[in-house]
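Chemist: below are the sequence and a predicted model; questions follow.
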Amino acid sequence: MGAAAEAGRLLVINAGSSSLKFKLFAAAPLVAGLGGLIERIGDAANSTLSAKLRLPDGSTQKWEDKTPITNHTTALEKLMRFLGDNVSSSIEQEVAAVGHRIVHGLDIAKAVLLDDAVIKKIEKAAALAPLHNPPGLAGIAAAQKVFGPAVPHVAVFDTAFHQTLPPHAYMYALPMEYYKQHSIRRYGFHGTSHKYLAETAAAMMGRPLGQLNAITCHLGAGSSVTAVERGRSVDTSMGLTPLEGLVMGTRCGDLDPAVPLHIMRTTGVGAAEMDAILNKRSGLLGLCGNNDLRNVIERRAKGDPEAALAMDVFIYRVRKYVGAYTTALNGHVDAIVFSAGIGENSPLVRALVCGELQRLGVIIDAEANAEMVGGRQGFISKPESRVKVLVVPTDEELSIAQQTVGVVFGDMGEQM
Ligand code: ADP
């Protein structure tokens, strides 16, 4: 194991504009430790640091500190003091690498060691991910300050797994200058999750990743579907931004591009408001007034027609993508994988998406499907189902930690 055996710990960071999610891992072997969230950064009167740790007996130890936090640097300083008090007094020396979740990496195709050139690229990509890349950069700057130059930092990009999309899948049929001069193309998101789902499904099916064709469905507040061919992403439902594709909690997904133009022309709505309508007031929320699918399902069960319609539109869109990606994979689908808040917890959604697909080789085991909730991982198809259907709880932090180890201690990364 060499260097990795002495690696100590890894810190995984996911910095938002006013929040910072974190998880600490033991590096060799890679084991998750304490994780948590710093919220309301910049609102010193209300900022909090909360954390939890799963203990070996299955119980959970929890912390919640109200503490003034003015920016990402103070957030990380507070976090290191907190870890020093509650995990190890020598935590500063033990953190051997930091993994950063970054949303947009333009054409960067894998996790990379952060240097000036990579930071420049993340800055350039901020034009396409204005809500996500700037806080990611703030998290990087803060961590570099707090840990000093001796600790390596790795950037893991949501877009990286989808860099294998072929041009016919990523090009929009717009005048070429928008691609050439403005980098407008489909990038795809949730890549860290889809990569983890494909790897985990391959391991569960006992085959090398390079021999797996799968349709991975990450269904949460934000949702996307990916077509994985021989372990590589060949198409995905999100595009230039995470707005394209499925119906989501508050996002409309696929839409005739003339619709927003028509609304803007006829109602006088400006670009910023239109953006908010499409991203924050549409989707399930727009259709029925609830963005949480649990509420939609409850209302539907009581006979509420708007909730039933919202559910129908949501399910039909997922089915359309499963059909499209079956064709993208030339009919060779080994597995359909469900994950994230909805995919991991709703047997109803999984049954509706996979229902009546016997002719495509999909046969759900109703009992297994009903049992696979609350973080359980396993198969929900019948043994005779040609296409295996799996539920895999996604673990983006673990994937970021694995990729960070892979970049910093290449020897270990290969084995994971
Ligand atoms: P995020 O994209 O914020 O990470 P999650 O993956 O945590 O979201 O998914 C959150 C969503 O999962 C919630 O909005 C809720 O609609 C949905 N969800 C959670 N549990 C269930 C359930 N039992 N049935 C249906 N939907 C569920």
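Modeler: That came through, no problem.

Chemist: quick one: strands adjacent to the helix or strand in which residue 98 is found?
Modeler: Per DSSP states H and E, residue 98 falls inside strand 95-102. Partners of strand 95-102 in the sheet, by DSSP bridges, are strand 9-15 (parallel), strand 153-157 (parallel).

Chemist: contacting residues around that strand?
Modeler: For strand 95-102, contacts defined as CB atoms under 8 Å, 6 or more residues apart in numbering pick out 7-15, 27, 111, 114, 122, 132-133, 136, 139-140, 143, 147, 151-158, 192, 396, 400-401, 403-405, 408. Heads up, the C-betas are built off the backbone N, CA and C, glycines and all.

Chemist: equivalent analysis for stretch 50-61, please.
Modeler: 32-37, 39, 62-65, 82, 86.

Chemist: next one: residue 129 from the ligand, what distance?
Modeler: 16 Å (CB to the nearest ligand atom, to the nearest Å).

Chemist: tell me the contacts of that residue?
Modeler: 103, 104, 241.

Chemist: give the next helix or strand downstream of the helix or strand that contains residue 261.
Modeler: Using DSSP H and E, residue 261 maps to helix 258-267. Following helix 258-267 in sequence order, the next helix or strand is helix 271-280 (DSSP H and E).

Chemist: thinking again about what came up before, can I get the strands paired with strand 95-102 in CSV with distance to the ligand?
Modeler: What follows is the strands paired with strand 95-102, written out as CSV (distance: least, CB to the nearest ligand atom, whole Å):
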stretch, distance to the ligand
strand 9-15, 11
strand 153-157, 16
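
Chemist: dump these into JSON lines; add mean neighbour count as well.
Modeler: Putting the strands paired with strand 95-102 into JSON lines (neighbours: other CB atoms under 10 Å) gives the following:
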{"stretch": "strand 9-15", "mean neighbour count": "25"}
{"stretch": "strand 153-157", "mean neighbour count": "27"}
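
Chemist: and the ones you listed: which comes nearest residue 259?
Modeler: strand 153-157 (30.3 Å; CB to CB).

Chemist: run through who's touching the closest one.
Modeler: In contact with strand 153-157 (CB under 8 Å, 6+ apart) are residues 97-105, 108, 111-114, 118, 122, 140, 143-144, 147, 191-192, 399-400, 403-404, 407-408.

Chemist: and the end-to-end length of stretch 390-401?
Modeler: 23 Å (CA to CA, to the nearest Å).

Chemist: neighbours of residue 89, just the number please.
Modeler: 10 (other CB atoms under 10 Å).

Chemist: which stretch among the strands paired with strand 95-102 comes nearest residue 308?
Modeler: strand 9-15 (35.4 Å).

Chemist: any idea which helix or strand comes after the closest one?
Modeler: Per DSSP H and E, the first helix or strand lying C-terminal to strand 9-15 is strand 20-26.

Chemist: kindly export whichever helix or strand comes after that following strand (C-alpha atoms) in PDB.
Modeler: Downstream of strand 20-26, the next assigned helix or strand under DSSP H and E is strand 31-39. Taking C-alpha atoms only, strand 31-39 is exported to PDB below (Å, rounded to 0.1, in the frame of the first residue of the first chain):
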ATOM      1  CA  VAL A  31     -13.800   4.400   5.700                       C
ATOM      2  CA  ALA A  32     -16.300   7.200   6.100                       C
ATOM      3  CA  GLY A  33     -16.200   9.000   9.500                       C
ATOM      4  CA  LEU A  34     -17.900  12.100  10.700                       C
ATOM      5  CA  GLY A  35     -19.900  14.200   8.200                       C
ATOM      6  CA  GLY A  36     -22.000  17.300   8.400                       C
ATOM      7  CA  LEU A  37     -23.000  20.700   7.200                       C
ATOM      8  CA  ILE A  38     -22.200  24.300   8.000                       C
ATOM      9  CA  GLU A  39     -25.200  26.500   7.200                       C
END
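
Chemist: show the secondary-structure elements that strand 31-39 is packed against.
Modeler: Using 3 or more CB pairs under 8 Å, 6 or more residues apart in numbering; DSSP states H and E, the elements in contact with strand 31-39 are strand 20-26, strand 48-54, helix 72-86, helix 396-408.
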